[in-house]
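# okay, here's the prediction I keep looking at, along with the sequence it came from:
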Amino acid sequence: MASRLTKFVNRFSLQTVLTVPFVVQVIAVVGIVGYLSFKNGQETVNALASQVRNELTARILQQLEATIERPYVINQINANSLLQGDLNVSTGQGEHQLWQQAKVFPSTNLIYCATEADGAFLGVGRSKGGVGDSLQIQIASPTTNRYMQYYEADATGRRSFLRSKGNRPYDPRIRPWYEAAVLASAPTWSEVYLDFDALLPVITANTPVYDSTNGQLLGVCATDIILSEELNDFLRKLQISKSGIAFIMEPSGLLIASSTLDPITVGSGDQTQRLLASDSDNALIRGSVQHLVDTYHSLNQVKSAQISFEREGAQHYLDVTRFEDAHGLDWIVVLVVPEVDFMEQINRNTQNTMLLCVVALLVTIGIGLMITRWLTQPLLYLSATARDIANGEWNRTIELQRADVIGDLSRSLATMANQLQESFVLLEQRIEERTTELIQLNQELQRLAHIDSLTQAANRRYFDYYLEKEWRRLARDQQPLTLILCDVDYFKQYNDTYGHQAGDRCLQQISQVLSQAARRPADLVARYGGEEFAIVLSNTSVAGGIHLAETIHTLLRSLHIPHRTSHVSYVTVSMGIASIIPHADSTPQELIAATDCALYAAKSKGRDRYCISPG
C-alpha cells in the first residue's frame, strides 16, 4: 500500500506535492473560521465595546491625573522659595526659577506668585495669552500702577526688554484663583474661569503661603493650565471610533474639553462665556447630557457607570466617570460610542472572511513557489548584510540558525564582523582619549593666557578685554560700572627690606584678599602692573565699590603682614574708586583715568585709604 502511494506521489512534481496539501488545508481552516466568526461576531460586540470603553476611559483618566499633579509640585517648590527668601515677588528676584519650571513643564500656561501685602505679581507664562511658543516674564505691582508688564526672557530666564503692557489694572488679590486659596487656607483648585488675556477656559492650582512663625498669609503661588489647549488636543488625538466622542464637563453642565471641533465658549471679547454642554453645537453631546439628566434627574447626581441609550433609532454606548481629587476637583468624564461603529467592523470582517478564502488559496500557491527560494534567500541576505557591515551598520543579525553549509558561512561572517567591530571600537576610544587630552591642553593654554602666573589673578591683557566687553554690555543696559585700582603702599621699600621673594609672597596674599572680597561671578580681580591691582565691578554703584574697599582694608589688616618701613608697621594698600554708567560718548580709558586720579589722591592723603573720583 505504501509502495503504491509512493509511486502515485512520485508522478507529480515536488512543487505540486508541496502546494496541494496547503491549498486543501487553508480552504478547510478558513471556511471553518469564517463560519464561526460570522456566528459569534454579534455576541462579542458588547464585550468588545465594554473593553474598548474601559481602555479609552482609563487613558483619559490617566491624562487627567498627570495634568493635575504637576501644578501642585511646582507650587510647593515656589512656596518654599518664597518662605526662604529665594523668591521675591516685589523685586523680581528668582524669576529665572519660574522660567526654568515653565521650560521643564511645557504643558503649563502660567506659573506665578502674588503677595498679600502689596498685591505684587510675578509670573512666567506663554506668549499670545498662553498659546504661543515663547516664554514671557509678567510683572504687576504698585510700581507699575498695577498694569501688567510683559518682558521677553533672555537665555538665563531673566527679563531682558519690555515687550508690551496690559490695558487694564490687575490686582491678583481680587482674582478668583487668589480668593479661592485664601478661602480654603489650603492647596485647592480655583473654579474654571476664562483667562484674563486668552479668554479660554483655565483652571488654577493654588497654594497659599503662610509665615511659619506667626501664621500670617504671605501670598499665594499658583499654576495655570488652559484646559482647552491641554485636554482638547489629547481628546482629539484619542482614537475612539469612527463617530465616537469624548468630553469633560462640570456638574454644573459647563463644558471643559471635547474631542470635537465644536467651540466650548460663546460670545467674543468681554462678552465671552463658557458653553453649557446642553447647548453644544454637537448633537451627540446634547443627547448624552439629556440622557444623563433623564437618568439621574440632575448632573450633580451622576455616578460612574456604563450605560446605553437610544437616539434617533440607533443604540449608543455611554461610559460616564466621576473624576475627583483631594483638592476639590469634581468633573464628569463622558465617552459616547455608537453601536454601529462596532457592528460596521463586524460586518466588514464577515465580508473580509469570505474574501480571505479566495486570497488564502492564491497565497498558498504563492507559498509553494516561495519554497523554491529557500536556498537562495539566505545567500542574498548574507550578501546584503556584508554590504551593510562595510557601511558601518554593525547591529544587523548575521548568524542564521541553520545546520547546513549556509549556517556555517553565516557564523563565520558573524565572527569576522565582531572582530572588526571590536577593532573599530578600540580605535574610536583611542581617538576620543586623544581628543580629550587636546581639549584639556587647549583649556589650560587659554587659562594661562588669561592668568598672571605669580598672583593667579587675571593678567593685564584679560583685564583690558573684560573691561571693554562689560563696557559695551552695560552701555546697552544702562547699568553702572565701577572700577577700583589698588596700589601696595611702600612696596619698593618692602622689597628692599625683605627681598623680592618675600615681595612675591606679599603680592600673592594681597591677590587672595582681593579675590576673597570680590566674590560675585561677574567681579574681576586683575594684576594691573607691578604692585597694582584692578577690580572690575559690573552692575555696581559707588556705594558697592566703597563697601568692597572697606572689606579689603578689613581683611588686609586682619592678615597684619609685617612691614617695618611703613608708617603703620604692616602692609597697607591705597585705593582709587570711580563709577560710571557707560554711554556712546565715553570710553573705558576715561574710567581708568578717573580711577587713577582717585588713587593718586589716596596716596597723597597719607595712604592706607581709599578716595572716590568726583566724576
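The structure has been received and is ready for your questions.

# need the three-state assignment for residue 535.
strand (DSSP: H, G, I helix; E, B strand; the rest coil).

# tell me which strands and helices the helix or strand encompassing residue 294 is in contact with?
Applying DSSP states H and E as the criterion places residue 294 in helix 283-296. Counting contacts by 3 or more C-beta pairs under 8 Å, 6 or more residues apart in numbering; DSSP states H and E, helix 283-296 packs against strand 245-249, strand 305-311, strand 314-324, strand 330-338. For glycine as for every other residue, the C-beta is placed from the backbone atoms N, C-alpha and C.

# those strands: which one's closest to residue 234?
Nearest to residue 234 among the helices and strands packed on helix 283-296 is strand 245-249 (9.5 Å), distances taken as C-beta to C-beta.

# quick one: distance of the helix or strand following that closest one to the chain centre.
Toward the C-terminus, strand 245-249 is succeeded by strand 255-258 as the next helix or strand (DSSP H and E). Relative to the chain's own centre, strand 255-258 is displaced by 26 Å; criterion: C-alpha atoms, centre = their mean, to the nearest Å.

# give me the packing partners of the next helix or strand after strand 255-258, helices and strands only.
Counting by DSSP H and E, the next helix or strand C-terminal to strand 255-258 is strand 265-266. Applying 3+ C-beta pairs under 8 Å, 6+ apart, we find strand 265-266 packed against strand 273-274.

# which stretches of the stretch 1-150 of the chain form strands?
110-115, 121-126, 135-140, 147-153 (DSSP state E, counting those that start in this stretch).

# got CSV for those strands, with distance to residue 68 and mean neighbour count too?
CSV is the format used below for the strands of the stretch 1-150 of the chain (distance: least, C-beta to C-beta, whole Å; neighbours: other C-beta atoms under 10 Å):
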stretch, distance to residue 68, mean neighbour count
strand 110-115, 15, 25
strand 121-126, 18, 25
strand 135-140, 22, 23
strand 147-153, 26, 18
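
# re the thing from before, list the buried residues for the helix holding residue 294?
Applying a neighbour-count criterion of 16 or more other C-beta atoms under 10 Å, one finds 284, 285, 286, 287, 288, 289, 291, 292 buried in helix 283-296.

# ok, stretch 162-179 next?
Result for stretch 162-179 [16+ other C-beta under 10 Å]: buried residues 163, 166, 170, 172, 173, 175, 177, 178, 179.

# residues in contact with it?
Residues from elsewhere that reach stretch 162-179 (C-beta atoms under 8 Å, 6 or more residues apart in numbering): 114, 116, 119, 121, 136, 140, 145-152, 190-191, 193, 196-197, 204, 206, 220, 222, 224.

# and if you look at stretch 140-160?
The contact list for stretch 140-160 (C-beta under 8 Å, 6+ apart) reads 89-90, 92, 95-100, 103, 118-121, 124, 127, 134-139, 161-172.

# what separates it from the chain centre, distance-wise?
Centroid separation between stretch 140-160 and its chain, computed with C-alpha atoms, centre = their mean, is 21 Å.

# for the record, mean pLDDT for it?
Stretch 140-160 shows an average pLDDT of 90 in the prediction.

# and if you look at stretch 422-430?
For stretch 422-430, the per-residue pLDDT averages 73.

# just the CA trace of that stretch, in PDB.
The C-alpha trace of stretch 422-430 is given here as PDB (Å, rounded to 0.1, in the frame of the first residue of the first chain):
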ATOM      1  CA  GLU A 422      35.900  45.500  18.400                       C
ATOM      2  CA  SER A 423      38.800  46.900  16.400                       C
ATOM      3  CA  PHE A 424      36.800  50.000  15.400                       C
ATOM      4  CA  VAL A 425      35.500  50.500  19.000                       C
ATOM      5  CA  LEU A 426      39.100  50.300  20.300                       C
ATOM      6  CA  LEU A 427      40.200  52.800  17.600                       C
ATOM      7  CA  GLU A 428      37.400  55.200  18.400                       C
ATOM      8  CA  GLN A 429      38.300  55.000  22.100                       C
ATOM      9  CA  ARG A 430      41.900  55.900  21.400                       C
END
